[in-house]
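Undergrad: need a 3D model of the sequence below.
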Amino acid sequence: MRLRAKTDANQADIVQALRAAGVSVLSLAPIGNGVPDLLCSYRGYVTLLEVKMPKQKLRPAQVRWHANWDSYCPIFVVETIGDALIVTRERWDALPASVRGPHHPRP
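TA: This next block holds a predicted model:
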(Lines give C-alpha, C1' and ligand atoms only; values in the text may rest on other atoms or scores of the structure.)
Protein backbone atom coordinates (compact mmCIF):
# COMPACT_ATOMS: atom_id res chain seq x y z
CA MET A 1 0.00 0.00 0.00
CA ARG A 2 1.28 3.43 -0.91
CA LEU A 3 1.10 5.74 2.09
CA ARG A 4 2.36 9.03 0.76
CA ALA A 5 2.58 10.33 -2.76
CA LYS A 6 5.90 11.70 -3.91
CA THR A 7 5.46 14.91 -5.86
CA ASP A 8 7.98 17.12 -7.58
CA ALA A 9 8.82 20.42 -5.89
CA ASN A 10 7.22 22.46 -8.68
CA GLN A 11 3.87 20.63 -8.66
CA ALA A 12 2.10 22.77 -6.03
CA ASP A 13 2.95 26.00 -7.90
CA ILE A 14 1.79 24.49 -11.20
CA VAL A 15 -1.51 23.33 -9.68
CA GLN A 16 -2.10 26.76 -8.12
CA ALA A 17 -1.44 28.56 -11.42
CA LEU A 18 -3.68 26.19 -13.40
CA ARG A 19 -6.54 26.64 -10.97
CA ALA A 20 -6.10 30.43 -11.05
CA ALA A 21 -6.39 30.23 -14.86
CA GLY A 22 -9.71 28.38 -14.63
CA VAL A 23 -8.43 24.85 -15.14
CA SER A 24 -9.95 22.08 -13.02
CA VAL A 25 -7.15 19.98 -11.52
CA LEU A 26 -7.22 16.63 -9.75
CA SER A 27 -4.02 15.16 -8.33
CA LEU A 28 -3.48 11.55 -9.35
CA ALA A 29 -0.06 11.40 -7.68
CA PRO A 30 -1.23 9.11 -4.84
CA ILE A 31 -2.05 6.38 -7.37
CA GLY A 32 1.59 5.91 -8.43
CA ASN A 33 2.48 3.01 -10.74
CA GLY A 34 3.37 5.36 -13.61
CA VAL A 35 0.03 7.20 -13.63
CA PRO A 36 0.51 10.90 -14.54
CA ASP A 37 0.45 13.41 -11.69
CA LEU A 38 -2.47 15.60 -12.73
CA LEU A 39 -5.82 15.20 -14.45
CA CYS A 40 -6.77 18.58 -15.91
CA SER A 41 -9.95 19.79 -17.57
CA TYR A 42 -10.50 23.11 -19.29
CA ARG A 43 -13.88 23.71 -20.92
CA GLY A 44 -14.47 20.01 -21.18
CA TYR A 45 -11.12 19.23 -22.79
CA VAL A 46 -9.18 16.73 -20.65
CA THR A 47 -5.41 16.32 -20.48
CA LEU A 48 -3.06 14.40 -18.23
CA LEU A 49 0.08 16.10 -16.98
CA GLU A 50 3.25 14.49 -15.72
CA VAL A 51 5.09 17.12 -13.66
CA LYS A 52 8.87 16.90 -13.70
CA MET A 53 11.66 19.10 -12.49
CA PRO A 54 13.79 20.47 -15.34
CA LYS A 55 15.94 17.78 -16.98
CA GLN A 56 14.33 15.04 -14.90
CA LYS A 57 13.47 11.91 -16.90
CA LEU A 58 10.43 9.67 -16.80
CA ARG A 59 10.73 6.50 -14.72
CA PRO A 60 10.27 3.16 -16.52
CA ALA A 61 6.75 2.70 -15.09
CA GLN A 62 5.79 6.15 -16.38
CA VAL A 63 7.14 5.39 -19.86
CA ARG A 64 5.06 2.19 -19.97
CA TRP A 65 1.91 3.89 -18.68
CA HIS A 66 2.23 6.74 -21.18
CA ALA A 67 2.74 4.27 -24.05
CA ASN A 68 -0.38 2.32 -23.08
CA TRP A 69 -2.68 5.30 -22.46
CA ASP A 70 -1.60 8.03 -24.87
CA SER A 71 -4.18 6.98 -27.46
CA TYR A 72 -6.99 7.53 -24.93
CA CYS A 73 -6.08 10.97 -23.62
CA PRO A 74 -3.27 13.44 -24.33
CA ILE A 75 -0.42 13.13 -21.83
CA PHE A 76 2.13 15.92 -21.51
CA VAL A 77 5.32 16.18 -19.50
CA VAL A 78 5.58 19.69 -18.06
CA GLU A 79 8.34 21.38 -16.12
CA THR A 80 7.02 24.92 -15.68
CA ILE A 81 3.82 26.84 -15.12
CA GLY A 82 4.10 28.12 -18.69
CA ASP A 83 4.33 24.57 -20.05
CA ALA A 84 1.23 23.56 -18.10
CA LEU A 85 -0.81 26.56 -19.25
CA ILE A 86 0.14 25.97 -22.89
CA VAL A 87 -0.99 22.34 -22.93
CA THR A 88 -4.23 23.00 -21.05
CA ARG A 89 -5.68 26.43 -21.89
CA GLU A 90 -3.78 27.62 -24.94
CA ARG A 91 -3.88 24.23 -26.62
CA TRP A 92 -7.64 24.11 -26.12
CA ASP A 93 -8.06 27.63 -27.46
CA ALA A 94 -6.19 26.58 -30.62
CA LEU A 95 -8.56 23.70 -31.36
CA PRO A 96 -10.93 24.21 -34.31
CA ALA A 97 -14.56 24.84 -33.40
CA SER A 98 -15.52 21.51 -34.97
CA VAL A 99 -13.42 19.72 -32.36
CA ARG A 100 -14.53 21.89 -29.43
CA GLY A 101 -18.17 21.63 -30.43
CA PRO A 102 -20.94 24.18 -30.00
CA HIS A 103 -21.22 23.60 -26.24
CA HIS A 104 -17.60 24.81 -25.76
CA PRO A 105 -17.30 28.09 -27.70
CA ARG A 106 -14.23 30.29 -27.62
CA PRO A 107 -14.18 32.63 -24.61
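
Undergrad: make it CA atoms for all contacts and neighbour counts henceforth
TA: Noted.

Undergrad: output the contacting helices and strands for the strand ranked longest in the chain.
TA: Determined from DSSP state E, the single longest strand within the chain is strand 45-51. Under the contact criterion of 3 or more CA pairs under 8 Å, 6 or more residues apart in numbering; DSSP states H and E, strand 45-51 touches strand 38-42, strand 75-78.

Undergrad: which stretch in those strands has the least confidence?
TA: Here the lowest mean pLDDT among these goes to strand 75-78, at a mean of 87.

Undergrad: right, and the helix or strand after that strand?
TA: Note on strand 75-78: by DSSP states H and E, the next helix or strand toward the C-terminus is helix 81-85.

Undergrad: still on that earlier bit, want to throw the helices and strands packed on strand 45-51 into JSON lines with mean neighbour count?
TA: As requested, the helices and strands packed on strand 45-51 are arranged in JSON lines below (neighbours: other CA atoms under 10 Å):
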{"stretch": "strand 38-42", "mean neighbour count": "21"}
{"stretch": "strand 75-78", "mean neighbour count": "20"}
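
Undergrad: show me the contacts for the residue nearest the centre of the chain.
TA: Most central in the chain under CA atoms, centre = their mean is residue 49, positioned 2.2 Å from the mean C-alpha point. For residue 49, the contacting residues are 36-40, 75-78, 84, by CA atoms under 8 Å, 6 or more residues apart in numbering.
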